[in-house]
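Peer 1: Build the 3D model from these lines:
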Amino acid sequence: MDNTSTKNPRRRLPRFLHSTGTSIGQIINLSKSSSHHAKNVLRLKAGDSVRIFDGRGKEFEGEIVRTDETFVEVLTHYKVDSSPESSLEVILAQGLSRSDRMDFTIQKSVELGVNRIFPLFTDRSQIQLSGDRIDRKLKHWKNLIDAACEQCLRNVRPSISKPIDLKQWLGDIGKTKNDNWHKVVLDPTASKSLKSLDNPKKIILLVGPESGFTDQELVLATNANFRLIRLGPRVLRTETAGLAGVAIIQAIWGDL
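Peer 2: Sure, this is the predicted structure:
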């Protein structure tokens, strides 16, 4: 028996992340936050159809079979044949900006197909994090990513790392084997555009915070084999620049 859905895999149903061991014919409990959203926001009830995805590429359709004061139970019926991931692999290395701007960048970069996000401390970052604040912020960002995946139909959850210093990150990148990666740092004074890249399949996009990178940081980036690229004649805000860069990359070589 073929347990893959023959229905439209793109039809819009409420989607929820369940990252542990989802399979066909399984009754699962949605997380506390997902259960709250299902019951109190979407007003779902027993018998309603939903989608479940595991964050690693699998998606299932099922129905709600029971609700109680805390949790919602879903019975999965079949696997959905859906593959919305771009063939282009994109890493976004983003200089830390103030919380609302950083949240916006993370959320929208997920929608645009970014595979991995590196938040970076830079000389001009206007946000300071340390200790427990980093852990709380990372948890918050992961929740944003999960919610964005639920909304935009992605089944593979992008990863996000703890914020680290730009200099350390550039050193780590230099130590790893990344010969196939096109490494780009955005700089409004650069002479070349993204169109100058030669049909990339993997791109690392490095974006500065508010006020951009210092000259010294740009030198460090170019020493790590990053190419200076401009997005046009206008200077973009940090939350605009990274997203515009990803959108251009996906439009030329990806799936937009």
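Peer 1: From Ile160, how far out is Asp54?
Peer 2: Relative to Ile160, Asp54 is positioned 18 Å away (CB to CB, to the nearest Å). Yep, even glycine has a C-beta here, placed from its N, CA and C like the rest.
Peer 1: nope, Gly131 is what I was after
Peer 2: Applying CB to CB, the value for Gly131 to Ile160 is 18 Å.
Peer 1: which of those two has more neighbours?
Peer 2: More neighbours surround Ile160 than the other of Gly131 and Ile160, with 21 against 7 (other CB atoms under 10 Å).
Peer 1: Would you report the backbone torsion angles of the nearest residue to the more buried one once chain neighbours are set aside?
Peer 2: Among residues not flanking Ile160 along the chain, Ile117 sits closest, at 4.4 Å (CB to CB, 6 or more residues apart in numbering). Torsion angles at Ile117 (phi, psi; degrees, to the nearest 10) stand at phi -130, psi 130.
Peer 1: burial count for Ile117?
Peer 2: There are 22 residues near Ile117, going by other CB under 10 Å.
Peer 1: wait, isn't it in contact with Arg157?
Peer 2: No: Ile117 lies out of contact with Arg157 (CB atoms under 8 Å); the separation is 11.2 Å.
Peer 1: what's around Glu89, how many residues?
Peer 2: 18.
Peer 1: Show me what it is bridged to.
Peer 2: When bridges are called by DSSP bridges, Glu89 pairs up with Lys202.
Peer 1: What pLDDT does the model give it?
Peer 2: Here the pLDDT value assigned to Glu89 is 95.
Peer 1: quick one: it from Ile203, how far?
Peer 2: Distance, Glu89 to Ile203, using CB to CB: 7 Å.
Peer 1: same check, this time on Trp169
Peer 2: In this view, Trp169 and Ile203 are 16 Å apart by CB to CB.
Peer 1: what about the nearest residue to Ile173 once chain neighbours are set aside, how many neighbours?
Peer 2: For Ile173, ignoring the flanking residues on the chain, the nearest one in space by CB to CB, 6+ apart is Ala224 at 6.1 Å. Ala224 has 18 neighbouring residues, counting by other CB under 10 Å.
Peer 1: can you check the one 4 residues further on too?
Peer 2: Applying the criterion other CB under 10 Å, we find 16 residues in the vicinity of Leu228.
Peer 1: How about the secondary structure of it?
Peer 2: strand (DSSP: H, G, I helix; E, B strand; the rest coil).
Peer 1: got it, and Pro119?
Peer 2: strand.
Peer 1: For it, which non-adjacent residue is spatially closest?
Peer 2: In this structure, Pro119 finds its nearest non-sequential neighbour in Pro163, 4.2 Å apart by CB to CB, 6+ apart.
Peer 1: Output the contacting helices and strands for the helix or strand harbouring Ile249.
Peer 2: Element membership for Ile249, per DSSP states H and E: helix 238-253. Packing contacts for helix 238-253, counted by 3 or more CB pairs under 8 Å, 6 or more residues apart in numbering; DSSP states H and E, involve strand 89-95, helix 99-111, strand 182-186, strand 202-207.
Peer 1: switch the cut-off to 6 Å
Peer 2: On a contact count with 3 or more CB pairs under 6 Å, 6 or more residues apart in numbering; DSSP states H and E, helix 238-253 meets helix 99-111, strand 202-207.
Peer 1: Who are the packing partners of the shortest one?
Peer 2: Looking back up the chat, that one is strand 202-207. Counting contacts by 3+ CB pairs under 6 Å, 6+ apart, strand 202-207 packs against strand 89-95, strand 182-186, helix 238-253.
Peer 1: All set now, cheers.
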